[in-house]
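> Sequence plus predicted model, see below.
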Amino acid sequence: MLKQGREVKTQVSDLFRTSYGTVDITRLKSIFLNLSSWVEPNKDSDKWTNTINSFKTKIKKSIQSNLQETPFKCQAIVDLDLRASGIRKGKRSFMRCEITLFLDQTKKVKDLKSPNLVTSIDTITKDIIKGSLLNSHTFTFHKSKK
């Protein structure tokens, strides 16, 4: 059985590793968007779970505000992986966010590297990073652990 998935790395930010892809290139129905970074808290807190949930909500709102002008349906799945246990000032923790976007079949996007799709993904990624993550003064983001 042949592998059907494809992934394309993007260079959207110096602080985040970003990529997008699909699990089935022959029947392009959904796109996944990955963002990862190392986060370091700027202050001590006992309520990291609330902060992480707030991050996830901001990311969802950011995506929803950008989906109208894209080849995607107005629904998305956001999976933010940042463990609340172990977060403390002076220690970097790994954060990964995977977003699943569903293609609107009426817009007939057939290629993973089509200009309309690439532009839409870049816009969504930049808005998530600048609008949702970097605006929060809770964490400092780093591309590597050291």
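That came in fine, so what should we check first? Residues are numbered from 1 along each chain as shown.
> can you pull out the helices in this structure?
48-66, 115-127 (DSSP state H).
> For Thr106, find the nearest of the ones you listed.
Each of the helices of the chain was scored for nearness to Thr106 using CB to CB, and the closest is helix 115-127 (13.5 Å). Every residue, glycine included, has its C-beta placed from N, CA and C.
> buried sites along that closest one?
Neighbour counts over helix 115-127 (16 or more other CB atoms under 10 Å) mark Leu117, Ser120, Ile121, Ile124, Thr125 as buried.
> Tell me where the model's unsure across the chain.
In the predicted model, the chain carries pLDDT under 70 at residues 1-3.
> for it, what spans make up the strands?
Counting by DSSP state E, the chain has strands at residues 6-10, 17-22, 30-41, 72-81, 93-103, 139-142.
> number of nearby residues for the residue nearest to Gln4 when sequence neighbours are not counted?
Counting by CB to CB, 6 or more residues apart in numbering, Asp24 is the residue found nearest to Gln4 once chain neighbours are left out, at 4.7 Å. By other CB atoms under 10 Å, 11 other residues sit near Asp24.
> try Val39
Residues near Val39, counting by other CB under 10 Å: 22.
> let's have the chain start at 12 instead
Okay, using 12 as the starting number, the last item reads as Val50.
> quick one: contacts for it?
Listed by CB atoms under 8 Å, 6 or more residues apart in numbering, the contact partners of Val50 are Leu93, Ile98, Arg103, Ser104, Phe105, Met106, Phe150, Thr151, Phe152, His153.
> give the contact list for the third one.
Spelled out, it's Arg103. Arg103 makes contacts with Trp49, Val50, Glu51, His153, Lys156, as judged by CB under 8 Å, 6+ apart.
> likewise the fourth one?
Applying CB under 8 Å, 6+ apart, we find Ser104 in contact with Trp49, Val50, Glu51, Leu93, Arg94, Gly97, Ile98.
> Tell me which two of those sit farthest apart.
Using CB to CB, the pair of those lying farthest apart is Glu51 and Arg94, separated by 13.9 Å.
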